[in-house]
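In: Here is a sequence together with a model predicted from it:
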Amino acid sequence: MAKVKGAIVVDTETCKGCEVCIPVCEEKVISMSTEVNRKGYHYAYMSNPDVCTGCTNCAIVCPDRAITVYRIKI
């Protein structure tokens, strides 16, 4: 079975920093930024990209649809 490498892209202007994506990430890939977006929210970002599997849990639970997940077979 082929291994899958994942990556997420967070729309930083859409993310309102609700942190719902953080506990569903089994690989602990997502953290909150210390910077804020134009609306004043801390936004999620991919802090540990090497271990992302592209499981899509974060995108599924995001209430604002701010997360896009990409997957490639390696």
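Out: Cool, the structure landed.
In: contacts, neighbours, all on C-alpha from now
Out: OK.
In: just the helices in this structure please.
Out: For the chain, the helices defined by DSSP state H occupy 21-24, 57-61.
In: and those as CSV, adding mean pLDDT, distance to residue 69 and mean neighbour count?
Out: As requested, the helices of the chain are arranged in CSV below (pLDDT from 0 to 100; distance: least, Cα to Cα, whole Å; neighbours: other Cα atoms under 10 Å):
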stretch, mean pLDDT, distance to residue 69, mean neighbour count
helix 21-24, 98, 12, 18
helix 57-61, 98, 7, 18
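In: who wins for proximity to residue 36 among these?
Out: Distance to residue 36, taken as Cα to Cα, is lowest for helix 21-24 among those, at 17.2 Å.
In: From residue 23, how far off is the closest residue to residue 44 other than its chain neighbours?
Out: Nearest non-adjacent residue to residue 44, counting by Cα to Cα, 6 or more residues apart in numbering: residue 32, 4.4 Å away. Noted for residue 32: a distance of 12 Å to residue 23, by Cα to Cα, to the nearest Å.
In: Having no further points to raise, I will conclude here.
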